[in-house]
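[1] Need a 3D model of the following:
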Amino acid sequence: MNSPMKIGTPVRDHLLRIMAHFNEAEIHESSIDQQTQVGMILEISPDSFIPFKTNYVLNKMDLNLTTLMNELHTFEGMIKSKGGETNIVVTSSSYSKKKKRLVTKERFH
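    Model prediction:
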């Protein structure tokens with residue numbers, strides 16, 4: 001898929017457009033499994049999302065499209081509010097070992 005996200009475009013708007021392409025492919029009787037769709041979305045994400053993509057791969061996350069869109073939207077908000085510097089931390093609790101969250105690191109001047 002050759003549909004890179006343009007600089008300044010909100011990730012939610014971009015993903016909704018990509019999801020519309022997936023739906024159109026389905027209308028034309030072409031099926032793309034969800035894991036491939038997620039991979040395609042991560043592949044066309046801009047370089048500013050590399051920390052998110054790294055976290056996704058290293059922690060073997062398995063997200064559906066809606067959850068992925070929400071997680072990317074949250075990540076986008078974090079990198080915009082903190083000037084682009086973001087650290088990713090994986091936490092586990094006694095309740096769930098798959099609980100993951102994104103944490104930002106503030107710069108000290």
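[2] which SSE is Leu68 in?
    Assigned by DSSP states H and E, Leu68 belongs to helix 65-81.
[3] That helix: which residues count as buried?
    68-69, 71-72, 75-76, 78-79 (16 or more other CB atoms under 10 Å). The way it works is simple: take the backbone N, C-alpha and C, and place the C-beta from them, glycine included.
[4] One more: stretch 34-46?
    For stretch 34-46, by 16+ other CB under 10 Å, it's 37-38, 40-42, 44-45.
[5] Run through who's touching that stretch.
    By CB atoms under 8 Å, 6 or more residues apart in numbering, the surrounding residues in contact with stretch 34-46 are 1-5, 7, 11, 15, 18, 22, 32, 49, 52-53, 56, 62-65, 68, 72.
[6] Can you dump the C-alpha atoms of it in CSV for me?
    The C-alpha coordinates for stretch 34-46 follow below in CSV (Å, rounded to 0.1, in the frame of the first residue of the first chain):
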residue,chain,number,x,y,z
GLN,A,34,-6.5,-8.2,10.4
GLN,A,35,-2.9,-9.0,11.2
THR,A,36,-1.8,-8.0,7.7
GLN,A,37,-4.0,-4.8,7.9
VAL,A,38,-2.3,-3.8,11.2
GLY,A,39,1.2,-4.6,9.7
MET,A,40,0.3,-2.4,6.7
ILE,A,41,-0.8,0.5,8.9
LEU,A,42,2.4,0.3,11.0
GLU,A,43,4.5,0.1,7.8
ILE,A,44,3.1,3.3,6.4
SER,A,45,3.3,5.2,9.7
PRO,A,46,5.8,8.1,9.7
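[7] Quick one: mean pLDDT for that stretch?
    Stretch 34-46 shows a mean pLDDT of 89.
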